[in-house]
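**Q** Fold the stuff below for me.
(one chain, ligands or ions: 1)
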Amino acid sequence: MRKKIVAGNWKMNNNKAETDQLIAALKAKGSFTGVEVKVAPTSIHLAQAVETLSDSAIEVIGQNMHQATNGAYTGEISAVMLQSVGVNSVILGHSERRAYFNETDEALEEKVASAVKQDMEVVFCFGEELEDRQSEQHFQVVEDQLHKALFSLPHTAWEKIVLAYEPVWAIGTGETASPEQAQEMHAFIRGLVAQNFDENIAENVAILYGGSVKPANAQEIFSKPDVDGGLIGGAALNADDFFAIVQSI
Ligand code: 13P
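**A** Numbering: from 1, shown residues only. Next up, the predicted model:
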């Protein structure tokens, strides 16, 4: 059976003390079953988060990485650096990275390949913009994004891939895809993976939904058969809200 996952993307939020406070509040919530829980603090706080969560089932993941192992890339971090502080999973392709840091599908293909080569898990984000949906291009846009970054991977790499469909128009806007829109897209995505790889890989890949998931809407979205969890932004910064979302799975 495929995994259920709820991951919190903290984006560029929380200083050192706030990171400790949020982690302490999450740990105080106690245990959870039947779901993998991950949090992605900003890179400067990863090592500290790994240490403080070492006695917990919550996994610490990165928000981004460079495709090279090391070298003259000022300001960047690599897969081996993440692993050296105990981080074995990384978010790649977030729409904010694509929009504000010019991450192209080609660069993402390299990043995914580099992460997989280092045996890292990748939480791969993609999703259409509002005008794509309004012009009914959303399926094509998603197919192109997946095709360019993921579809040249070997079959074996899929054990390390988690997909996160995040329609750009739903991120930080308070507007979510309806549960039906999410299910329709997730089923489409699973079908693409089946077509380009095989049924077994498609059946086993976890597909998360992201975009304004809150305690009030999580349960309905997660109840859809092809939605295997969520990638949470704003609501992940509050331990009560995040834990309520974890418990909605
Ligand atoms: P919000 O939950 O704040 O809409 O953010 C979603 C997101 O971008 C997670 O990566």
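**Q** Tell me what the one residue sitting closest to the centre of the chain is bridged to.
**A** Taking C-alpha atoms, centre = their mean as the criterion, V123 is the residue nearest the geometric centre of the chain, at 4.1 Å. Beta-bridge partners for V123, by DSSP bridges, are I91, V162.
**Q** List the contacts of it.
**A** V123 is in contact with A7, K38, I61, S89, V90, I91, L92, V162, A164, L208, L231, counting by C-beta atoms under 8 Å, 6 or more residues apart in numbering. Quick note: C-beta positions are derived from backbone N, CA and C, even for glycine.
**Q** Can you tell me how far it is from S31?
**A** 22 Å (C-beta to C-beta, to the nearest Å).
**Q** again, but for A40
**A** On the measure of C-beta to C-beta, A40 and S31 end up 21 Å apart.
**Q** which one of the two has more residues nearby?
**A** A direct count of neighbours by other C-beta atoms under 10 Å for A40 and S31 places A40 higher, at 26 against 8.
**Q** pLDDT score assigned to that one?
**A** As predicted, A40 sits at a pLDDT of 98.
**Q** From what I see, it and I58 are in contact.
**A** No. Counting by C-beta atoms under 8 Å, A40 sits too far from I58 to count as a contact (11.1 Å).
**Q** Okay, and the residue of the chain positioned farthest from its centre sits in which element?
**A** Largest separation from the mean C-alpha position in the chain: A72, at 27.5 Å (C-alpha atoms, centre = their mean). Applying DSSP states H and E as the criterion places A72 outside every helix and strand.
**Q** Per-residue confidence, it, what does it come out as?
**A** Looking at A72, its pLDDT is 98.
**Q** And for V246?
**A** pLDDT recorded at V246 is 98.
**Q** do the same with I232
**A** We have a pLDDT of 98 for I232.
**Q** mind listing what's buried in stretch 212-222?
**A** S212, V213, K214, P215, N217, A218, I221, F222 (16 or more other C-beta atoms under 10 Å).
**Q** TSV for these, including secondary structure?
**A** Conversion of those to TSV gives the following (DSSP: H, G, I helix; E, B strand; the rest coil):
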residue	secondary structure
S212	coil
V213	coil
K214	coil
P215	helix
N217	helix
A218	helix
I221	helix
F222	helix
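**Q** just checking, what packs against the one helix or strand Q48 maps to?
**A** Element membership for Q48, per DSSP H and E: helix 46-52. Judged by 3 or more C-beta pairs under 8 Å, 6 or more residues apart in numbering; DSSP states H and E, the packing partners of helix 46-52 are helix 16-28, strand 59-60.
**Q** closest one to E203 among these?
**A** Of all these, the one in closest proximity to E203, counting by C-beta to C-beta, is strand 59-60 (23.2 Å).
**Q** what distance separates the next helix or strand after that closest one from the middle of the whole chain?
**A** As assigned by DSSP H and E, the chain's next helix or strand after strand 59-60 is helix 79-84. Between the centre of helix 79-84 and the centre of its host chain there is 18 Å, according to C-alpha atoms, centre = their mean, to the nearest Å.
**Q** do stretch 37-54 as well
**A** Computed by C-alpha atoms, centre = their mean, the chain-centroid distance of stretch 37-54 equals 15 Å.
**Q** buried set for it?
**A** 37-43, 45-50, 52-53.
**Q** could you dump it to PDB, C-alpha only?
**A** C-alpha atoms of stretch 37-54 as PDB (Å, rounded to 0.1, in the frame of the first residue of the first chain):
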ATOM      1  CA  VAL A  37       5.300  13.500   8.900                       C
ATOM      2  CA  LYS A  38       8.000  15.700   7.500                       C
ATOM      3  CA  VAL A  39       9.000  19.300   8.100                       C
ATOM      4  CA  ALA A  40      11.200  21.600   6.000                       C
ATOM      5  CA  PRO A  41      12.900  24.400   7.900                       C
ATOM      6  CA  THR A  42      15.100  26.800   6.100                       C
ATOM      7  CA  SER A  43      18.600  25.400   5.400                       C
ATOM      8  CA  ILE A  44      20.400  27.300   8.100                       C
ATOM      9  CA  HIS A  45      18.200  25.500  10.700                       C
ATOM     10  CA  LEU A  46      18.300  22.000   9.300                       C
ATOM     11  CA  ALA A  47      21.100  20.600  11.500                       C
ATOM     12  CA  GLN A  48      19.500  22.000  14.600                       C
ATOM     13  CA  ALA A  49      16.100  20.500  13.600                       C
ATOM     14  CA  VAL A  50      17.600  17.100  12.900                       C
ATOM     15  CA  GLU A  51      19.100  17.100  16.300                       C
ATOM     16  CA  THR A  52      16.000  18.200  18.200                       C
ATOM     17  CA  LEU A  53      13.800  15.800  16.300                       C
ATOM     18  CA  SER A  54      16.200  12.800  16.600                       C
END
